Structures are given as C-alpha cells and as structure tokens.
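Participant: coordinates for the following, if possible.
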Amino acid sequence: SPSLPALDWQLPSSSGPYSLQIEVQPKSHHRAHYETEGSRGAVKALAGGHPVVQLHGYMESEPLTLQLFIGTADDRLLRPHAFYQVHRITGKTVSTPSHEVMQANTKVLEIPLLPESNMRAIIDCAGIL
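Facilitator: All right, here's what the predicted structure looks like:
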C-alpha cells in the first residue's frame, strides 16, 4: 500500500476528476474541552446536524478512507493543531463508523467513504479535546 502524505502537506481539494467537498460546513467555533471535562459531543453544523464530506468523481467499487484531524492555518499553511486533538465520539446517536489512529503525534480519525453511500460521510463521530 502506498505511504500516506504527512498531515502538513498542502494537498489540493481537487485533482483530475476527483473533488473532495465539505457539503455541510461545521460551525466556525466549537469549544474544545480539557480531558478532565470529558467530551461534549460531536462537532455540529451551522444549521444543526453535523458536517458532511463527499468525494466526487470516484467511480471505483473499493471504499476509501477519509483522514480527519484538528488543524490550524492562522493565515499560514494548514498543519495539525499544537494542542487540540480530534476525539472519537461513539454512542447510539452516532451513525458513522470511525477508527482512531496516531500519525506523527497527531490523533487522526479514519472514516470510511463507501461507494454505496456515494462516497459521502456525515461527520457525527468527531469531537475536540
């Protein structure tokens, strides 16, 4: 399997026939919590519900994996946030499966993008700690 690029690589959202789009944007502010406070649930979308991501142009039958982490740009290049980490949310109300991995000292949620779901994922499984 090919090695994955570093999390601070500046990857385009479109390449050839492929386009990764945030169909439903997250709220611009989500208060992170200290680990002692515990999770306060998943990141929400501006109009309610949760953010939605979709990969357009992918016509293969194999599922792909979306990697999600907490980043910052601060008017500079995107990179993993120095303090905040993504937190996997589980429970009855979470519809999207996810798997937490560490990549270069950054927690990353791996979320399947499935052809039978039109390569679309509802991000109801990610909080911030």
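
Participant: can you name every helix or strand that the helix or strand bottoming out on mean pLDDT in the chain contacts?
Facilitator: When the helices and strands of the chain are compared on mean pLDDT, DSSP states H and E, strand 71-72 comes out lowest with a mean of 88. If contacts are counted by 3 or more C-beta pairs under 8 Å, 6 or more residues apart in numbering; DSSP states H and E, strand 71-72 sits against strand 79-80. Using the backbone N, CA and C atoms, a C-beta is placed for each residue, glycine as well.

Participant: re the thing from before, pull the distance from the least confident helix or strand of the chain to the chain's centre.
Facilitator: 12 Å (C-alpha atoms, centre = their mean, to the nearest Å).

Participant: residues in contact with it: which ones?
Facilitator: For strand 71-72, the external contacting residues (C-beta atoms under 8 Å, 6 or more residues apart in numbering) are 7, 78, 79, 80, 81, 82.

Participant: who does that strand pair up with?
Facilitator: As defined by DSSP bridges, the strand partners of strand 71-72 come to strand 79-80 (antiparallel).

Participant: partner strands of the next helix or strand after the strand it pairs with, parallel or antiparallel?
Facilitator: Sequence-wise, the next helix or strand downstream of strand 79-80 (DSSP states H and E) is strand 86-88. Its sheet considered, strand 86-88 pairs with strand 126-128 (antiparallel) by DSSP bridges.

Participant: per-residue confidence averaged over the strand it pairs with?
Facilitator: If you average the pLDDT over strand 126-128, you get 91.

Participant: can you lay out the contacts of strand 71-72 as JSON lines showing neighbour count, pLDDT and distance to residue 63?
Facilitator: Shown next, in JSON lines, are the contacts of strand 71-72 (neighbours: other C-beta atoms under 10 Å; pLDDT from 0 to 100; distance: C-beta to C-beta, whole Å):
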{"residue": "7", "neighbour count": "17", "pLDDT": "91", "distance to residue 63": "21"}
{"residue": "78", "neighbour count": "13", "pLDDT": "85", "distance to residue 63": "25"}
{"residue": "79", "neighbour count": "17", "pLDDT": "90", "distance to residue 63": "28"}
{"residue": "80", "neighbour count": "20", "pLDDT": "92", "distance to residue 63": "25"}
{"residue": "81", "neighbour count": "16", "pLDDT": "90", "distance to residue 63": "28"}
{"residue": "82", "neighbour count": "8", "pLDDT": "86", "distance to residue 63": "32"}
